[in-house]
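Participant: Show me the folded form of this:
(2 chains)
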Amino acid sequence: MNYVIIGTGPAGVVAAETLRQREPTSAITLIGDEPELPYSRMAIPYHLIGDIAEEGTHLRKAPAHFERERIQHIQRHVTNIQANTHQLTLDDGSQLSFDRLLIATGSRAVRPPLPGMDLTGVTNCWTLADARRIIAKANAGDEVILMGAGFIGCIILEALAKRGVKLTVVEMENRMVPRMMDEQSGGLLKRWCEQQGVRVLTSTKVKSVSIAGEKLAVELDGQPAMQVDLLICATGVKPNIELAKGWLQTGHGILVNRRLQTSHPDIFAAGDVAEGRDFSTGDYSVQAIQPTAVEHGFIAATNMSGGNYLHQGSINMNVLDTMGLISASFGLWQGVENGESATLNDPEHYRYINLQFKGDRLVGANTLGMTQHIGALRGLIQNRTRLGKWKAHLMDNPSRFMEAYLQQRVA
Amino acid sequence: MQKSLHIDPEKCTGCLQCEMACSYENEGIFNPSKSRIKVFTFHDEGRFVPYTCTQCDEAWCMQACPVDAIVLNFVTGAKDILNDRCVGCKVCTIACPFGTVNYNTATGKVIKCDLCGGDPKCAEACPTSAITYIDANATGLERMRMWAAKTDTQVSTHA
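Facilitator: Coordinates of the predicted model:
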């Protein structure tokens, strides 16, 4: 068999390794269009802080790992896939054939359609190349606007603060991380950042960016204009579905079945680019998180190589460190119809937990300022544990989730 | 012969010697809050339940780690965290459905049980043999694994 994988993120790399484990003699080719060894975007904030060198972001640390696994790594952009002849074209015009193909092209950072967003002083924070630009331009005393207080915006706040920049965060929604945290915890996060000396403007839009000598002039909606050295755009990402568009079934991402197979039987999709099954809803959506990419990569590779592994769905979950305040979300944290919820809010100590129930089962959770045993929240959701009498205990005090989790064991 | 921790909650008196031994061995301080084994108290039933990583086969933490910082120790069977690689992203702390990988705010890294490299101090410190370190196939390891498997969301029919 001749396997080709497009994309060198966690989904692509795990798929390549899984294929190698299952098929010692097959040809496996991994194609990525960045001039880097496969790396993790998750590690970029820690590189910006200076905790790790670029090598510290690499997904695999053993020297010559891909050569040793006999996985051919090509650093080229795929321009076109010809499904009927099982071939694809690279940006140097060369052709590559495949028996089975995995599209794991991930997602990319997008910029809102505003005047000046294409200027050189504007950067995303998504790739290692972006990180290099930020490291070059965000240093002590520099004025920086961080546009977007979503997951990526929040997770690089500490790095930017430690680099000594004068930072303003501009978020158009009414709170921080609106897609991961509820209103109460998002509000707490904002207060926390302000207390650390970061200026946070919520419900504020950037109107335009233009050149002002050495600086960028940034017009804001309802706030005085600013002149900055760097504008970091962290307003969201979108799946790289261009290669599939028009001939594979696509929605927001590439549509796949429970085997991670696309509408073409020899072509699979995994990770941020795939609309995989969600454990909590049973629906198909793009999750764009690391653990889901890894699950997808493993399942797709298993099925590409003759297995029959049905994806039960991945739990949508996230953990975020915003200048030392740790928040997490699990499953249906926004709650369900006719569900119940329990909240423990201790704003003074920046501790917060909200649990969402359906009947006597936990279906979602938000936590803030909690670092111990939080994985058990995933366990409770994933086991669909009947909480029984512990439902009432958790309604009284939702922070007792670990005891609720253990009771199934001692009962 | 691989060994594993065997925990018998019935024998636990809640003395917390295991937590003290663990935090001293691994963090150099007697501080139960830094222990990788945790004794949970069920006041209503008057029960104590020591709890730590079962070194499960699924190794959710190891699979989820984006920087190759959790590795299988072939001698002990434990999943070990390599501190020089861990960036402290905490993905493993939400990926582990047992809640046994925790973030240590003091070091900016995660911590979990590594069986003390094959000489677990919790078992040594336990005065009632509620925690023992014995041959894997003679212990409740199978039972623990079965319990672990209950959290597997995936239906596997490996070909």
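
Participant: Quick check: which element contains B:Asp44?
Facilitator: Assigned by DSSP states H and E, B:Asp44 belongs to no helix or strand.

Participant: Quick check: the residue of chain A nearest chain B.
Facilitator: Going by CB to the nearest CB, chain B is nearest to A:Ala376 of chain A, at 3.1 Å. From N, CA and C alone the C-beta is placed, and that goes for glycine too.

Participant: My assumption is that that residue lies in a helix; please confirm.
Facilitator: Yes - assessed with DSSP: H, G, I helix; E, B strand; the rest coil, A:Ala376 lies in a helix.

Participant: can you pull the pLDDT of it?
Facilitator: Looking at A:Ala376, its pLDDT is 97.

Participant: ok, now A:Val286?
Facilitator: pLDDT at A:Val286 comes out at 97.

Participant: Contact partners for it?
Facilitator: Taking CB atoms under 8 Å, 6 or more residues apart in numbering or on different chains as the criterion, A:Val286 is in contact with A:107, A:239, A:252-253, A:272-276.

Participant: Low-confidence stretches in the chain?
Facilitator: Picked chain A for this. For chain A, the stretches flagged by pLDDT under 70 are A:409-411.

Participant: think we crossed wires, I meant chain B
Facilitator: Scanning chain B for pLDDT under 70 picks out the ranges B:1, B:138-159.

Participant: Quick one: name the residues of the stretch 51-200 of chain A near chain B.
Facilitator: By CB under 8 Å from any CB of the partner chain, the residues of the stretch 51-200 of chain A that approach chain B are A:51-52, A:56-62.

Participant: May I ask which of those residues has the most neighbours?
Facilitator: Counting neighbours by other CB atoms under 10 Å in any protein chain shown, the top entry in those is A:Thr57, with 24 neighbours.

Participant: Helices of the chain, residue ranges please.
Facilitator: This is for chain A. A:10-22, A:44-49, A:65-68, A:128-137, A:151-155, A:157-162, A:183-195, A:290-304, A:375-383, A:390-396, A:401-410 (DSSP state H).

Participant: let's do chain B instead
Facilitator: Under DSSP H, chain B gives helices at B:17-27, B:60-64, B:91-95, B:121-125, B:141-149.

Participant: how about the residues of the stretch 251-400 of chain A that lie near chain B?
Facilitator: Neighbours of chain B within the stretch 251-400 of chain A, by CB under 8 Å from any CB: A:279, A:290-291, A:294-295, A:298-299, A:302, A:305-315, A:317-319, A:321, A:324, A:326, A:328, A:330, A:371-379, A:382-383.

Participant: Now list the buried members of these.
Facilitator: Neighbour counting by 16 or more other CB atoms under 10 Å in any protein chain shown classes A:279, A:290-291, A:294-295, A:298-299, A:302, A:305, A:307, A:309-315, A:317-319, A:321, A:326, A:328, A:330, A:371, A:373-379, A:382-383 among these as buried.

Participant: what's the neighbour count on A:Lys238?
Facilitator: 15.

Participant: shouldn't it be in contact with A:Arg108?
Facilitator: Yes - judged on CB atoms under 8 Å, A:Lys238 makes contact with A:Arg108 at a distance of 6.6 Å.

Participant: Which residue lies nearest the spatial centre of the chain?
Facilitator: With no chain named, the answer covers chain A. Nearest residue to the geometric centre of chain A (CA atoms, centre = their mean): A:Ile289, 3.9 Å.

Participant: Chain B is the one I meant
Facilitator: B:Cys53 (2.1 Å).

Participant: Nearest spatial neighbour of residue 83, chain-adjacent residues omitted?
Facilitator: No chain was given, so I picked chain A. Computed as CB to CB, 6 or more residues apart in numbering or on different chains, the closest residue to A:Ala83 that is not its neighbour in sequence is A:His264, at 5.3 Å.

Participant: Oops, wrong one, chain B.
Facilitator: Of all residues not flanking B:Asn83 in the chain, B:Lys109 sits nearest, at 5.6 Å (CB to CB, 6+ apart).

Participant: Does that neighbour touch B:Cys86 like I think?
Facilitator: Yes - with contact defined as CB under 8 Å, B:Lys109 reaches B:Cys86; the gap is 4.5 Å.

Participant: The two: who's more crowded?
Facilitator: Set side by side, B:Lys109 and B:Cys86 give different neighbour counts by other CB under 10 Å, the larger being at B:Cys86 (25 against 18).

Participant: Tell me which residues touch the more buried one, please.
Facilitator: B:67, B:69, B:109-110.

Participant: what's the spacing between it and A:Leu157?
Facilitator: 21 Å (CB to CB, to the nearest Å).

Participant: what does A:Glu54 give?
Facilitator: Distance, A:Glu54 to A:Leu157, by CB to CB: 21 Å.

Participant: more crowded one of the two?
Facilitator: A:Leu157 (26 against 16).

Participant: Next, count neighbours for the residue in chain B that chain A sits nearest to.
Facilitator: Chain A sits closest to B:Gly99 of chain B, with a gap of 3.1 Å, by CB to the nearest CB. Around B:Gly99 there are 24 other residues, counting by other CB under 10 Å.

Participant: Now it: closest residue in space, sequence neighbours ignored.
Facilitator: Excluding its sequence neighbours, the residue lying closest to B:Gly99 (CB to CB, 6+ apart) is A:Ala376, at 3.1 Å.
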